[in-house]
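Novice: generate coordinates for the sequence data below:
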Amino acid sequence: MGTLTAGVPRLAEHCPHKLATSCRLTSTPRCCACADVRPHSATYSVYIDGVGFVQRGTRWQSYCWFCKEFWNNRVAATDPPLRLSQTRIPEVPDQTQFLERWFEFHQGYRVVRRENGSEDRIAVVGEPLQDVSPGYLPRTLQELRAGQRNDATRAANRTAAAGTIASNESTSSLEQPERTLEEAIDSLLEEISDNEEEDHHIREGAQERNMPQPQLSRPLTRREQMTRRLTERLRENMTRVFGTREEIQSDDYQSPIAGLYTRAWDRYRQAEQQRRSGIIPADPSIPQSMYPGLDVQPPNFHPQPGIINEEDEIVRRIAELEAGRTGGLNPISQTSSIADARAPANGHTSYFEQSRETAHERIARRISEIQSRDIRRPRPHQNQLFDLPHAGLDSDNRPPPMTEAEMMVKLECQICYSQLADTACLPCGHMVMCRWCADITMPVRHGTIPQRPSNCPMCRKKVSQRVRIHHG
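Specialist: The predicted structure is shown next:
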């Protein structure tokens, strides 16, 4: 990394570090350090991948590449070494001597003042600045012949930091007046007394909290009694509904809301299990005295109100269907049909003792009888006011026939005017394109859906589908 400003002339508006650092800020005559107006801090944040922002950065870490290299080399060459928290770039460490020596190599000579006041120029020859990294002085011819390395350990690059630290200490001493021994002892005694008073207040507060509350001698007002009673009731309700604090914090605690859903799920599972097993619950409309020898329900069966017999439901639907077809004209036949559907095949055998196959055969036979009777029954006469109009070629609502000239329609494509239009746009329904023009203006990807947002060439509405029309 060399110095890029070796051949750049020094201007009056340049800051002292502009040429020595090879700063890349070309729009301002100041370097990055002189242009930095942030307040000085002991630490600076830097982002580390996988860790985040940490306070391990430096003030010059965000400068340009050359300024960053310059200050890294100058801080490393400080003797004795400075901590990062002690630096105040660009004032500390002080670079006045280093910059004077560097500009001698930059201009190629050194000015020497004699006792009589005359000035002489002595040529300074050394390593080209293009080959020297920012922050280091060029090596002389003797050092080049000796092969000495140009790094922070070179004596010419070292900068004394004693003066800088001393100046900082003197500045801080001027800002803070010197304290006598008596003043220091007084301040320590005041701190000790303050700590004792704080401990005393803390102990008194703890004793007051631990002391029992005195009983009120005056009677409580009605409002205070109601407030206390309401508070106790709310506390009891909370304990009764959700349990005590110990019960809530226990490992096997179950919320009442969760228990509500659990019980509902158990009832649903029990009902589904009964439905699959085919257990017939007792019908409250049928007295048990009619079937003395029939044990309809098991001893441990608890019927659910939402479960009904499958056969009874089918019979009830058949009766309702028959009542709807007859229109309520013959209630005796309805009663007889229900009785026939419920009547047992054998008078000495109960309906609940019949097998499922027999019940299905009886139901199928009853359905066929109802359908045959419905076919033979004439359709009831409908009111003429509510009859739908007859739709035919001679309907009154049909418009008169059109002439041949009116039925002549031009179907040329409205884009190329050389092919028949056979592609329609939905939802507007305009058929104004041929398939070749449609492939150009409105390509599809899933059969009929346009590949990109498109508009109809006729009405400019958004097209959702593109369909092809076949002429008859």
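Novice: what's the local residue count around the closest residue to Ser133 other than its chain neighbours?
Specialist: Closest residue to Ser133 apart from its sequence neighbours, by C-beta to C-beta, 6 or more residues apart in numbering: Met1 at 5.0 Å. Heads up, the C-betas are built off the backbone N, CA and C, glycines and all. Met1 has 11 neighbours, counted by other C-beta atoms under 10 Å.
Novice: show me what contacts Met1?
Specialist: When contacts are counted by C-beta atoms under 8 Å, 6 or more residues apart in numbering, Met1 touches Phe66, Glu69, Ser133, Pro134.
Novice: how close does it get to Val8?
Specialist: In this view, Met1 and Val8 are 17 Å apart by C-beta to C-beta, to the nearest Å.
Novice: equivalent analysis for Gly259, please.
Specialist: Distance from Gly259 to Val8, counting by C-beta to C-beta: 85 Å.
Novice: ditto for Asp394
Specialist: 105 Å.
Novice: and if you look at His430?
Specialist: Remark: distance between His430 and Val8 (C-beta to C-beta) = 72 Å.
Novice: next, Asp439: phi, psi?
Specialist: Here is the backbone geometry of Asp439 (degrees, to the nearest 10): phi -70, psi -30.
Novice: same check on the one 4 residues further on?
Specialist: Torsion angles at Pro443 (phi, psi; degrees, to the nearest 10) stand at phi -70, psi 150.
Novice: show me the helices in the stretch 1-150 of the chain, by range?
Specialist: Using DSSP state H, counting those that start in this stretch, the helices of the stretch 1-150 of the chain run over 18-21, 32-35, 65-76, 96-107, 141-146.
Novice: between those, which one is closest to Ala424.
Specialist: helix 65-76 (65.2 Å; C-beta to C-beta).
Novice: relative to helix 96-107, how tilted is the closest one?
Specialist: Angle of helix 65-76 versus helix 96-107, following axes from the mean of the first three to the mean of the last three C-alpha atoms, to 10 degrees, is 130 degrees.
Novice: helix 65-76 - contacts with which helices or strands?
Specialist: With contacts taken as 3 or more C-beta pairs under 8 Å, 6 or more residues apart in numbering; DSSP states H and E, helix 65-76 sits against helix 18-21, helix 32-35.
Novice: contacts for that helix?
Specialist: Helix 65-76 is contacted from outside by 1, 4, 17, 20-24, 31-33, 58, 60-61, 63, 82, 84, 87, 89, 93, 95, 98, 133-136, 152, 157, 159, using C-beta under 8 Å, 6+ apart.
Novice: cool, stretch 426-438 as well?
Specialist: Against stretch 426-438 from outside (C-beta under 8 Å, 6+ apart): 411, 413-416, 419-425, 441-442, 456-459, 461, 463-469.
Novice: how about a cut-off of 6 Å?
Specialist: With contact meaning C-beta atoms under 6 Å, 6 or more residues apart in numbering, stretch 426-438 is reached by 413-416, 419, 421, 423-424, 456-459, 461, 464-465, 469.
Novice: what mean pLDDT does that stretch get?
Specialist: Average pLDDT, stretch 426-438: 90.
Novice: do the same with stretch 405-418
Specialist: Stretch 405-418 shows a mean pLDDT of 88 in the predicted model.
Novice: contact partners of that stretch?
Specialist: With contacts defined as C-beta under 6 Å, 6+ apart, stretch 405-418 is touched by Gln419, Leu420, Ala421, Val432, Met433, Cys434, Cys437.
Novice: adding neighbour count, distance to Gln274 and secondary structure, write those out as JSON lines.
Specialist: Converted to JSON lines, the contacts of stretch 405-418 look like this (neighbours: other C-beta atoms under 10 Å; distance: C-beta to C-beta, whole Å; DSSP: H, G, I helix; E, B strand; the rest coil):
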{"residue": "Gln419", "neighbour count": "15", "distance to Gln274": "71", "secondary structure": "coil"}
{"residue": "Leu420", "neighbour count": "13", "distance to Gln274": "69", "secondary structure": "strand"}
{"residue": "Ala421", "neighbour count": "22", "distance to Gln274": "67", "secondary structure": "coil"}
{"residue": "Val432", "neighbour count": "20", "distance to Gln274": "66", "secondary structure": "strand"}
{"residue": "Met433", "neighbour count": "26", "distance to Gln274": "65", "secondary structure": "strand"}
{"residue": "Cys434", "neighbour count": "22", "distance to Gln274": "68", "secondary structure": "coil"}
{"residue": "Cys437", "neighbour count": "20", "distance to Gln274": "68", "secondary structure": "helix"}
